[in-house]
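Enquirer: Generate a structure from the sequence data that follows.
(chains A, B and C)
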Amino acid sequence: MNLTRAKKICFIFSLSFLILISDSVQKTSFAADIGNCLLCHKYPGLSRVDEEGRMRLFFINESIYNNGVHAKVKCEGCHTDITEIPHKAAKKVDCLVECHIIEPTTETKFSHKDVATFIKTSVHGKVDKIGNDKKFSEDYPSCKDCHDEPLYRPLSFFKKVRPGISEASLGRCRVCHKKDDFIYQFYNHVTTRLHKSRNPLNIAEMCGRCHDDSSLVTRHGLSTKAVFSYGETFHGKAATFLDERVPDCLDCHVNKGESVHQMLSHKDPLSSIHETNKGKVCATIDCHPSASPKLANYGVHSEFNLTQSPAQYFFTFFFIVLTGGTLLPLMGIIFLDLVRRFFPHATIGRRK
Amino acid sequence: MKNFFFKIYMLVFMALVVFFMVIIWKVTFAHILHEYHERHKTQEITKFKEQREQKPDKTKFEKVILESEERVKNYLGYRILEEVRIKGHFHHIGFDIGPDNRSYCIKCHGDMPHDAVKELRAFLNMHAFFVGCETCHVKLGDSNKTGVFKWYDRTTGEIVASPVKRGSPGSFKAKIIPFEKSGGAIQRVDSEERINFSLEYKQNEKTLSEGQKSRAKKLIHQIVSKQPYICEDCHQKERPLLPLENIGYPRERIDSITSTEVVGMIKNYTKFYMPKMLLPGDEAKKQ
Amino acid sequence: MEKYPAIKIKDGQKYFYRFSLNQRIQHFILAFTIVILVLTGMPLKFNEASWAPYLYSLFGGIQYAPTVHKVNGAILVGLFFYHIFYLIYVIRKYYIEPAKKKGALKKFGALKIVLTQKMAPNLKDAYDIRDLMKYLLFLTAKRPDGDEMTWKEKFDYWAPFWGMVVIGASGVILWNKELFTQILPGGVLNFLLIAHSDEALLAALFLFIWHWYNVHFSISVFPMGTVFLTGYLSEELMVEEHYQHYVDVMKKAGLEHEILPPHGAHGHESPEGGASS
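Expert: Sure, this is the predicted structure:
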C-alpha cells in the first residue's frame, strides 16, 4: 500500500454526490480571526525558503480551516509568541500549550498535555521507563509527524447513516440554538467523534510514513513493514477501496476505550496485541463477535517472504510454479497451433 | 479475402499469445528468480550493513528536493481533499496552483525568489505569486512607459481577462505583467525575444566562457532596475503604480489594499525594515 | 439421454450430439458465476492496480461487491454438489444398473466403470498429445484422431474441477472464518487466502486463455463456438477434433459411405485447407 496509491482512487459513482453536499458544510464564517491575521495569511504565496532549505508556507486556507477542529481557536491560541503585527518569525507551536478555549465539563483551560503523558509511556515515547533516551530517539514521532490540522468528518444519522451534515438535523438544532456558527461547530464536533476521525486508508498512510520506511524498520528491529503487510490482508485491501468499516492500525493496536496515544509494544502484557490479549481483539462486538481467540492467530502482518514467513512463502511458491508450469506449456501449444494453421501444408514429413 | 483476414488475425493472435506468455513468465518464474537474486543481495547488504549505514543510498538531492513534495488525499467522507503535503506543515493547503510557465525569471530564480530581507521575504514572495517579477523590478523610462498592465495565465502564458473577481485573494491562476512601448507598438515586457534570449543562455550556459556568461547575464538583466518599486507605490490611494481598477479590482478590494490597515502596516514595516530592503541582498543580510 | 439423436441434419449439414440440455445449463451457470467471481475477486487481489477501483465500483464497491462475490460463490458451490450428484446418478443409471441387469458386474466392476468413463484420462490422451506435438511441429500432416472427449476437454474439465475443490473449500472457510476457527488455528486462513486467490488466478487465466482459445478464438471456430448453446457440433469440427468418435458415430448411424477423410488429408486436397472453416 504505497502512498501514490491514494492518487489512483476515485469513487466514480459517489463523487458528484460528495461535491453536492460539500457545499453545505463550508458555510461557517471565520470567527476566530480576531487578530486579523488573515489579512496577510489568506494569500497562498505567503512563503519562503528557510535557513535549512525547507519550504515554509504561511498560507491559511480559510474555508478548510473552518472545517477543522481548531476553527474556534484563534491563531494566537497556538502561536502564542505572536502579540503584534508586524511580527517576527514565529516560534514552533507547542501543542501542549494551554489555550484560551475553556473545556466545558471542568471549566479549565483546554490543553493537550495529557497526550504527552500518554505518549511518554507508550511505545512511541522518546524515553524508556527509567527516563533515559531510547536508542535512535530522534526517530520517534512528535505531534506533527502524525497530525496535520484534523478536519471534521461529520455524519448524518437522519434516515440512514451517511457522511456529511444532515440538513434535517440542523433544522432541529435551530429550534433551540440560535447561532448557526455554534450549531455547525457542535454538530461537526460530535458527529466526527462518533466515528473514525480519519479514514482507515489515511490512518494507514500516516503510520506507513515511518512503519513502511525500510531503513527505520531495520534500524528498530521491527518484524514487518507494517502497512505493506496490512495491505496484503483483506482489511488493508478493503481500506484501499475506502471502506470505512474495516479496522485500521489503531483499531487493533490500542485497547478499546483508551487513547490511541497509549499504544503499547506487543511485548507489553497490557497491550491489546500481547499474546494473551490478542484473542479479544478480533472478537469485539463491531468486528467478529462470534470468533474464538484462535482467529487472532491469523498472520495479519505476514509479508510472504522467505525470512519473515517461510511456510507461506513456499506455499505461494507452489502456486506460482503451478501457474507458470500450467499456463506456459499450454500457451506454447496455442502458439504452435497458430503457426501450424498459418502454414497448413508445410509438413516436413511424408505427405499422403 | 476471408483467408487473408484469418492470416492477419492469426498473426495478431500470435503476438498476443507471446505477449501474455512474457507477462506470465515475468510474474511466475522470472519473479521467483528475481526474488532469489534479491534475497542474496540483501544478505550481502546486511553483511556490509555498517558500511551501508554510512553511505546513504539516496542522494541528498533526491532526499531533500524530490521527496519533499508528496501528494495526499484526505478522505473526509463527504468530500475528498487532495493537496500537496509539505513535511512538517500543519495547516491544509487545499488546492494547487500550477507552475508559471511563462516567466523566464523563475527559471533561474525559482518561484520563491525573495530571500534577502528576513522580515519581508514572505510578503514579497506572496506578491510574486500573482504579480509578475517585471511589474516591480522593471522601471520603464518615460519614453517607453505605458501604464498598461494586464493579467497572463500561469499555464498558457497568454493574456487573459482579470481573474480578480473570480478567485479568492492571491489564488488566481494568473499574474500581472506590465506593457512597454517599443517602436510605436505596445508589447508585454516579457517579450518572446527576451524569453528566447534567456532560455538560450540557460541551454548553452555550460559551453560559454566566463566572460560570455557575464555579458549574457548583463544583457538579460538589462531591463531590471536596481531599485524596484516598493510597497507604497501601489498601496496608496492617490496615484498607485498599478491601475487597480483597470486590472479588474472591484472597489472594495481596492479600498482594502489601500486601507489604513494595510498601509499602516506597511508604514510600520518601512520604519523598521525598508532601509534594508533597498540595499542589495548581501548587505541586507549582514545588517 | 436417448432423447438426443446422435446426428442431426439441418440444412443438409450434419451436426453431432455433444451435450444434453442439463449439461449445457450446468455449463452456463458455471461460466456465468465464474466470470462474476473473477470480476469481483480480481480487483481485490490486484487492489493497487489502476483499473481495480473502477471495476470494483461496477459491482457496488467495497460495500456490495463482496456480497456479490459470496452469492455467486455459493451458487457455484451448489452447482458443484449438484454436478457430483448428477455424475453419480448418470453413472448409476446408464452404466452400473444396465451392467447389473446383465449380471456382468464383477468385483470392482463399478470402479472400473467409473475409471473408464469418457471423461476419465487414459493412455490414449498421452498418445494424442504426442501426436499433436508431432503435427504442430510440422512432422506430420495428420492431426491425432480424437475420441469423444479429447485430452483438451478433459483438461478443461478436470482443471476447474480441482480448482473448484480448492477455491470452493477455501472460500467457504474464509467466508465463515468465525465458525471454522473454533477448531482451526487462525494461521490456516493465511494459507487458504493464498490458495484461494492464487488458484483463482490460475483458473481464470486457464479458462480465459486456454479454454476460450480452443472453443472460441481458434480460427476453426472463430468468432464463437456454438456447441455450448446448441449442444451439437458441426461436422467439420467433429472431423478435426474427434475423428475417431466421428467414424464410430457415422458407422453406428449407417452412414459409412458419407464419412469424410481425416482433417489433414482433407486439407491437402482443398487449397482452402482446414485454415478456413
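
Enquirer: Which pLDDT value goes with residue A:146?
Expert: Per-residue pLDDT puts residue A:146 at 90.

Enquirer: Tell me the spacing between the residue nearest the centre of chain A and residue A:223.
Expert: Among the residues of chain A, the one closest to the centroid is residue A:203, at 1.2 Å (CA atoms, centre = their mean). Here the distance between residue A:203 and residue A:223 works out to 20 Å (CB to CB, to the nearest Å). No exception for glycine: its C-beta is placed from N, CA and C like everyone else's.

Enquirer: Quickly find the element holding residue B:156.
Expert: Assigned by DSSP states H and E, residue B:156 belongs to no helix or strand.

Enquirer: what's the burial count for it?
Expert: By other CB atoms under 10 Å in any protein chain shown, 12 other residues sit near residue B:156.

Enquirer: Can you verify my assumption that it contacts residue B:100?
Expert: No: using CB atoms under 8 Å, residue B:156 is not in contact with residue B:100, being 10.8 Å away.

Enquirer: and residue 15, what pLDDT?
Expert: Since no chain was named, I'll use chain A. Reported pLDDT for residue A:15: 34.

Enquirer: Oops, wrong one, chain B.
Expert: pLDDT, residue B:15: 90.

Enquirer: Mind checking if the strand or helix carrying it is in reach of chain A?
Expert: If you go by DSSP H and E, residue B:15 is part of helix B:2-25. Yes: Helix B:2-25 lies within reach of chain A by CB under 8 Å from any CB of the partner chain, at B:7, B:10, B:11, B:13, B:14, B:17, B:18, B:20, B:21, B:24, B:25.

Enquirer: got these as JSON lines, with distance to residue C:148 and neighbour count columns?
Expert: Formatted as JSON lines, the residues of helix B:2-25 next to chain A follow (distance: CB to CB, whole Å; neighbours: other CB atoms under 10 Å in any protein chain shown):
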{"residue": "B:7", "distance to residue C:148": "32", "neighbour count": "15"}
{"residue": "B:10", "distance to residue C:148": "28", "neighbour count": "19"}
{"residue": "B:11", "distance to residue C:148": "33", "neighbour count": "12"}
{"residue": "B:13", "distance to residue C:148": "28", "neighbour count": "22"}
{"residue": "B:14", "distance to residue C:148": "30", "neighbour count": "17"}
{"residue": "B:17", "distance to residue C:148": "28", "neighbour count": "21"}
{"residue": "B:18", "distance to residue C:148": "33", "neighbour count": "12"}
{"residue": "B:20", "distance to residue C:148": "31", "neighbour count": "17"}
{"residue": "B:21", "distance to residue C:148": "31", "neighbour count": "19"}
{"residue": "B:24", "distance to residue C:148": "31", "neighbour count": "19"}
{"residue": "B:25", "distance to residue C:148": "35", "neighbour count": "15"}
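
Enquirer: Which of those sits closest to residue C:57?
Expert: Nearest to residue C:57 among the residues of helix B:2-25 next to chain A: residue B:20, at 26.5 Å, using CB to CB.

Enquirer: my guess is that closest one meets residue C:209, correct?
Expert: Yes: using CB under 8 Å, residue B:20 is in contact with residue C:209, at 6.7 Å.

Enquirer: Give me the common contacts of the two.
Expert: Common neighbours of residue B:20 and residue C:209 (criterion: CB atoms under 8 Å, 6 or more residues apart in numbering or on different chains): residue A:331.

Enquirer: Spell out, range by range, the strands that occur in chain C.
Expert: Secondary structure of chain C (DSSP state E): strands located at C:7-10, C:13-17, C:232-234.

Enquirer: ok so, going back, and the helix holding residue B:15, how far out from the chain middle?
Expert: 48 Å (CA atoms, centre = their mean, to the nearest Å).

Enquirer: ok, now stretch C:142-159?
Expert: Stretch C:142-159 has its average C-alpha position 10 Å from the chain's average C-alpha position, going by CA atoms, centre = their mean.

Enquirer: Show me how chain B divides into domains.
Expert: Per the record, chain B has its domains at B:2-54, B:56-96, B:99-286, by automatic domain parsing.

Enquirer: what is the mean pLDDT for the last one?
Expert: So the one you mean is domain B:99-286. pLDDT averaged over domain B:99-286 gives 81.

Enquirer: hang on, residue A:342 packs against residue B:8?
Expert: No: taking CB under 8 Å as the definition, residue A:342 is not a contact partner of residue B:8, at 10.7 Å.

Enquirer: So between these two, which is more surrounded?
Expert: A direct count of neighbours by other CB under 10 Å for residue A:342 and residue B:8 places residue A:342 higher, at 16 against 9.

Enquirer: List the contacts of that one.
Expert: B:7, B:10, B:11, B:14, C:275.

Enquirer: The third one and residue A:339, how far apart?
Expert: When CB to CB is the yardstick, residue B:11 and residue A:339 sit 10 Å from each other.

Enquirer: who touches the closest residue in space to residue C:177 that isn't next to it in sequence in this structure?
Expert: Distance criterion CB to CB, 6 or more residues apart in numbering or on different chains; nearest residue to residue C:177, sequence neighbours excluded, is residue C:189 at 5.9 Å. Listed by CB under 8 Å, 6+ apart, the contact set of residue C:189 reads A:295, A:298, C:173, C:174, C:177, C:181.

Enquirer: Right, I'll call it a day here.
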